[in-house]
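In: please find the sequence and the predicted model below.
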Amino acid sequence: MDLSTLGTETRNERTTELDRMPVLDLLSVMNAEDQSVALAVRGALEEIAAAVEAVTESLRRGGRLIYLGAGTSGRIGLLDAVECPPTFGTSPGQVVGVLSGGPGAFAVAVEGAEDDPARAVTDLDEIGVDDRDTVVGLAASGRTPYVIGGLKHAAAKGAVTVSVACNANAAVSRYADIPIEVPTGPEVVTGSTRLKGGTAEKMVCNMLSTASMVRLGKVYGNLMVDVRASNDKLVDRARRMVEQATGAGPDTAAETLRRAGGHAKTAIVMLLAHCTAEEAARRLERAGGDTRAAVAAAPCGA
């Protein structure tokens, strides 16, 4: 493939004098270019919605959301994965980031690794990809061999495959059940897809994980009720969430949260369903973790 034909590799006519611009002008043009990214993502919302449904179904049946990528793309997927447990109370194995070159490539670039499709096969086999999983291949250019090799292998294992590219008619799209294309156009610095391309990928990953967790009932209203209260800030946030969700006062919220073992979701069910912590936990288990459904459910044993 002639890379010069890709939109992300094209020279940006608005930044040809970038090295001569005053700092404020340089930042202004970067900001203007970044504003186009959200509009590009908006054009792919239907495909992103289809991917969210696939991810949600995978997680419901014990599968995983697996991000696969190289370089900046892989780091963005890995970042989204590691932030899910503290935010949504997921287990570390539910959302996984697979980075070409291994975990060490997050801090130190392993550039040649992206050209080896066989490495992706090995990496996915090491985590046991199967037909319960949804594998999301992230490739800003849309032609990364590592990602293509991984998507082909994931499909052979029966997984749902999703691709995310920042060019139209991307090669990687041909290997995905759900291709997501977000054409971000020429970069401020020619070819540097850690800029607009990376921003677009981060936005898509934000949507995939957040919307899936909402669908799984890990959010009540707009409150992250499955948050792990692992530090003082999060303990205070959990208490405030219980107050906001139930209308309870600070002291009642704090005491209920204590009896709920620090778990905001359980405390909310306790207060809204007027039940014990044990009953709230049983309701949540029966409801698949969905707070609203647990509150509305009949008492256990009824």
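Out: Yep, that arrived.
In: how many other residues sit next to Val135?
Out: Around Val135 there are 31 other residues, counting by other C-beta atoms under 10 Å. Backbone N, C-alpha and C define where each C-beta goes, glycine included.
In: can you tell me what sits against stretch 46-66?
Out: 41, 81, 93-98, 124, 127, 129-136, 154, 159-160, 162, 177-181, 204, 207-209, 211-212, 215-216, 288 (C-beta atoms under 8 Å, 6 or more residues apart in numbering).
In: any of those residues buried? List them.
Out: Buried residues within the contacts of stretch 46-66, counting neighbours by 16 or more other C-beta atoms under 10 Å: 41, 81, 94-98, 124, 129, 132-136, 154, 159-160, 162, 177-181, 204, 207-209, 211-212, 215-216.
In: the contacts of stretch 46-66 in helices, which ones?
Out: If you go by DSSP state H, the contacts of stretch 46-66 have 41, 81, 124, 154, 204, 207-209, 211-212, 215 in helices.
In: could you identify the most distant pair in these?
Out: Taking C-beta to C-beta, the two most distant members of the ones in helices among the contacts of stretch 46-66 are Val41 and Leu124; they sit 26.7 Å apart.
In: ok, Arg215 to Phe88 distance?
Out: Distance, Arg215 to Phe88, using C-beta to C-beta, to the nearest Å: 11 Å.
In: and for Thr16?
Out: Applying C-beta to C-beta to Thr16 and Phe88 gives a distance of 44 Å.
In: again with Thr144
Out: Look at Thr144 and Phe88: by C-beta to C-beta, they are 28 Å apart.
In: who has more neighbours, those two?
Out: Taking other C-beta under 10 Å, Thr144 and Phe88 do not tie; Thr144 has more neighbours (28 against 22).
In: list the contacts of that one.
Out: Thr144 makes contacts with 69-70, 73, 114, 137, 172, as judged by C-beta under 8 Å, 6+ apart.
In: Leu6 now?
Out: 141-143, 167.
In: for Ala260, same thing?
Out: Contacts for Ala260 (C-beta under 8 Å, 6+ apart) come out as 266-267, 270, 277, 280.
In: circling back to that earlier point, got JSON lines for the contacts of Thr144, with pLDDT, distance to Ala200 and secondary structure too?
Out: Output for the contacts of Thr144, formatted as JSON lines (pLDDT from 0 to 100; distance: C-beta to C-beta, whole Å; DSSP: H, G, I helix; E, B strand; the rest coil):
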{"residue": "Gly69", "pLDDT": "95", "distance to Ala200": "13", "secondary structure": "strand"}
{"residue": "Ala70", "pLDDT": "93", "distance to Ala200": "16", "secondary structure": "coil"}
{"residue": "Ser73", "pLDDT": "95", "distance to Ala200": "10", "secondary structure": "helix"}
{"residue": "Glu114", "pLDDT": "74", "distance to Ala200": "18", "secondary structure": "helix"}
{"residue": "Gly137", "pLDDT": "98", "distance to Ala200": "15", "secondary structure": "strand"}
{"residue": "Val172", "pLDDT": "97", "distance to Ala200": "14", "secondary structure": "helix"}
